[in-house]
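> sequence unknown, structure follows:
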C-alpha cells in the first residue's frame, strides 16, 4: 500500500496538469517568483463574463442588509461618537447556501466548456455543496472527498450535514478518516476518472469571488454614497480574502480596509485523530488561516491563486464562544439565522465597529446556511458530548479543545489583532526554504515577495537580513 | 420488519474499505493518527446480495465500481439541532432590552 501511495505521488505533476486543465510551469519566473496576474488572467474570463456565468447559474446578486439593531446595540456600549454602521452580504441566499457557489460556478463552467465528464473536489465544507449543486445543473458527474470521521467513525455534525447535502445533489461522497493522505486518494480518483480538479485554490475558484467584492462595493455606494470603509472576511485558506479584495479593487474601492478574521484554534493539531472532534469549527479557523497565509503554495495546486497576505490589512482572531454568542444574537436581533462558521467575521466586526467612528461602515461579506448539524446548538451539544467544557463567562479564559466560554455580555466580544509582521516574516522564511538552501533572491524575487506580503522591498530585505542572522 | 443487515442486488448501501494500514501511513503524522488505519466509506448500488461484513462491490453515483465490506444498508442521516444551549437562552431577551433602552434614551 505504501508503494501505491508513493507511486501515485510520483505522478502528481502529470495528473494535476491534466486535471487542472493548465500548465502552471508557464508562469514560473524563479524558485521564488511567478507571474501571479498572468496566471489569474489565463482562463480568459473577464469580470463581466464571470458575472454573466454566475447569473445563469443562479449565483450572486445576494441581498446587502444593514444591521440596524446590532449597530444600535454596539453604540449602546461604545465610547461616545463610536460604533460604525454594520452591514452583511447575505451569501446564504446563493443556491447551495454560501459564497462557495461563486467559486464552484466558474470551475464547473470551465469543466463543461473544456469537455470534462465530471469534477472532483476535496472538501468537508460548504464548497462540497456548491460544487455538487453546480455540477448537477451542468449535468456533470461529481465526487466530493471528505475528511469526515475520527477513528471511532464519529463525525462532526456539520460535516455529516455536508455529506448529506452533497448526496442530495447527486454527488458521490467519499468519506475518509483523519489524515493528509486524503490528497493521494484524490489523485487516484482524478487519475481513474479523468475529471477536472475543482480546486478551491485554482484561478477559477478565486476569480469567482471577485464578483462578491465588486457587488458589495457597488451596493454600498448606492446605499451610503461610498464604498465601505472596512470589509471583514472570514479567513481560512485565503480565497475569500483574496477574491473579495480583488473585486473591491476592480470596483475602485482602493481605500477600503481588508480585515480577515478567524476563530482561534491555537494548540489543536489539524491532523490529530483525537483533536479532530474537539473543535467546533471545521473552517474559518487559525489552523488553516495562519499556515495558508504564511505559505499559500501548500495547496493542492502548484501555485495557489489565493494569496491572502497580499491583500490583508489586519488579521483578527475571535474565540469559538464569541462566534456562537454572535450567531444567537443575529438570529434574535436581526432575524438572520445563519451558520456559525460564516459568522466568524461578524464577531470580529462587532468588536471592530465598536472602536470605529459612527460614520465608518463595516461590511461582513458573507453568511452561510444553517440547519440540522450546522446549527450552533448542534455544535455546542456535540462539543459537550466530546468532553469539551461549555460555560458562560469571560471568553478570554477559553482553551481551544478543552473549553468554550460563551460571553455573558456583548461588551466581552473583543477580537485580537494577530501580528502581521510575524506573518510576513514567516512567509518570507517559507519562501526562502522552498527555494532551496544557498539560493540568493534576485531583485525580481524581492519585488514579488513585497507584493505577496503587502509590504515593500525594504521591509522584505530587512526580514531576509534578520533571518540570516537568526 | 425491514432487515437492516442484508441487502439485495440493486439496493442503496454503504461499503467500508481500509485504504492504508497504520504501517503504510504518511510520515510525520501525530502519534494518535499514525496508530490508526486510513479508512474510507462510500455509498452506491449493491452489485450482489450481501450481509453486513461481507465483501461487496457497489456502483457509485458516478458509475465507479468500489469494493469493500458491506457497512450499512440504506444508510440515513440522523444529525439534528439538539437542545437549546442554556448559556445562550438569555441572549435574545437581554439584547432586545438593551437596544430598546438605548433607543428610549434617545441614542
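It's in. These numbers were taken from a predicted model, which means no experiment stands behind them. Numbers count the residues shown, from 1 in each chain, chains lettered A, B, ... in the order given.
> okay, CA-based contacts and neighbour counts for the rest of this
Will do.
> Would you agree residue A:325 falls within a strand?
No - if the criterion is DSSP: H, G, I helix; E, B strand; the rest coil, then residue A:325 is helix and not within a strand.
> For the closest residue in space to it that isn't next to it in sequence, list the residues it contacts.
The shortest distance from residue A:325 to any non-neighbouring residue, by CA to CA, 6 or more residues apart in numbering or on different chains, is to residue A:406 (6.3 Å). Neighbour list for residue A:406: A:321, A:322, A:324, A:325, A:390, A:391, A:392, A:393, A:394, A:395, B:87, B:88 [criterion: CA atoms under 8 Å, 6 or more residues apart in numbering or on different chains].
> Next secondary structure element downstream of the helix or strand containing residue A:406?
With secondary structure defined by DSSP states H and E, residue A:406 is part of strand A:403-407. Next helix or strand after strand A:403-407 toward the C-terminus (DSSP H and E): strand A:416-417.
> Run through the stretch 251-400 of chain A and note the low-pLDDT ranges.
For the stretch 251-400 of chain A, not a single residue meets the criterion pLDDT under 70.
> Write out the residues of it neighbouring chain B.
Proximity of the stretch 251-400 of chain A to chain B (CA under 8 Å from any CA of the partner chain) is limited to residues A:271-274, A:325, A:328-329, A:332-333, A:371-373, A:375, A:377-378, A:380-381, A:391-392.
> The residues you listed, buried ones only, as a ChimeraX selection?
The following ChimeraX line selects those of these that are buried, judged by 16 or more other CA atoms under 10 Å in any protein chain shown:
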select /A:271,272,273,274,325,328,329,332,333,371,372,373,375,377,378,380,381,391
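> Mind checking which of the residues of the stretch 251-400 of chain A next to chain B are in strands?
A:391, A:392 (DSSP state E).
> Helix or strand next in line after whichever strand or helix holds residue A:113, which one?
Secondary structure assigned from DSSP H and E places residue A:113 in helix A:100-114. Under the assignment DSSP H and E, the closest C-terminal helix or strand after helix A:100-114 is strand A:118-122.
> strands paired with that next one, and their directions?
Strand A:118-122 has its sheet partners listed here by DSSP bridges as strand A:141-149 (parallel), strand A:196-197 (parallel).
> other SSEs contacting the longest helix belonging to chain B?
The longest helix of chain B (DSSP state H) is helix B:91-104. If you count contacts as 3 or more CA pairs under 8 Å, 6 or more residues apart in numbering or on different chains; DSSP states H and E, helix B:91-104 packs onto helix A:68-77, helix A:320-334.
> Please identify the most buried of the ones you listed.
helix A:320-334 (a mean of 23; mean count of other CA atoms under 10 Å in any protein chain shown).
> so the following helix or strand past that one versus helix A:68-77, what angle?
Using DSSP H and E, the helix or strand that directly follows helix A:320-334 along the chain is helix A:344-355. Angle, helix A:344-355 to helix A:68-77, by axes from the mean of the first three to the mean of the last three CA atoms, to 10 degrees: 40 degrees.
> what's the offset of helix A:344-355 from the middle of its chain?
Relative to the chain's own centre, helix A:344-355 is displaced by 18 Å; criterion: CA atoms, centre = their mean, to the nearest Å.
> Would you indicate which residues of that helix are buried?
Buried residues in helix A:344-355, defined by neighbour count with 16+ other CA under 10 Å: A:344, A:345, A:346, A:347, A:348, A:349, A:350, A:351, A:352, A:353, A:354, A:355.
> Next one: the first one from chain B, what distance?
What it means is residue A:344. 17 Å (CA to the nearest CA, to the nearest Å).
> so who does that residue touch?
Residue A:344 touches A:234, A:261, A:262, A:263, A:284, A:318, A:323, counting by CA under 8 Å, 6+ apart.
> pretty sure the last one contacts residue A:343?
Yes - look at residue A:323 against residue A:343 with CA atoms under 8 Å: they come within range, at 6.3 Å.
> Check the offset of stretch A:252-260 from the chain's centre.
17 Å.
> And for stretch A:167-179?
20 Å.
> and the gap between residue A:58 and chain B?
Taken as CA to the nearest CA, the span from residue A:58 to chain B is 24 Å.
> Now do the spatially most central residue of chain A against residue A:282, distance only.
With distances taken as CA atoms, centre = their mean, the residue of chain A nearest its centroid is residue A:236 (3.9 Å). Per CA to CA, to the nearest Å, residue A:236 is found 10 Å from residue A:282.
> Check residue A:127 too.
12 Å.
> what's the answer for residue B:70, then?
Taken as CA to CA, the span from residue B:70 to residue A:282 is 29 Å.
> So between those two, which is more surrounded?
Per other CA atoms under 10 Å in any protein chain shown, whichever of residue B:70 and residue A:282 has more neighbours is residue B:70, with 26 against 18.
> Let me know the pLDDT of the more buried one.
We have a pLDDT of 98 for residue B:70.
> same check, this time on residue A:2
58.
> Same question for residue B:1.
So, for residue B:1, pLDDT stands at 60.
> Distance to residue B:92 added to the helices and strands packed on helix B:91-104, as CSV?
Output for the helices and strands packed on helix B:91-104, formatted as CSV (distance: least, CA to CA, whole Å):
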stretch, distance to residue B:92
helix A:68-77, 12
helix A:320-334, 5
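> need the residues of the stretch 51-200 of chain A near chain B, please.
A:69, A:72-73, A:75-76, A:141-143, A:151, A:157, A:160-161, A:164, A:170-181.
> Among those, the buried ones, what's the PyMOL command?
In PyMOL, a selection of the buried entries from these looks like this (16+ other CA under 10 Å):
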select buried, chain A and resi 69+72+73+75+76+141+142+143+151+157+160+161+164+170+171+172+173+174+175+176+177+178+179+181
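> Let me know which of the strands paired with strand A:118-122 is tucked in deepest.
Ranked by mean neighbours (mean count of other CA under 10 Å), those are led by strand A:196-197, with a mean of 28.
> what does the average pLDDT come to for that strand?
Strand A:196-197 shows a mean pLDDT of 97.
> Distance from the chain centre to that strand, please.
20 Å.
> which other helices and strands contact the following helix or strand past that strand?
Sequence-wise, the next helix or strand downstream of strand A:196-197 (DSSP H and E) is helix A:203-224. Applying 3+ CA pairs under 8 Å, 6+ apart, we find helix A:203-224 packed against helix A:36-41, helix A:47-56, helix A:100-114, helix A:239-250.
> Using a markdown table, please lay out these together with mean pLDDT and mean neighbour count.
Output for these, formatted as a markdown table (pLDDT from 0 to 100; neighbours: other CA atoms under 10 Å in any protein chain shown):
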| stretch | mean pLDDT | mean neighbour count |
| --- | --- | --- |
| helix A:36-41 | 97 | 15 |
| helix A:47-56 | 97 | 16 |
| helix A:100-114 | 97 | 25 |
| helix A:239-250 | 98 | 26 |
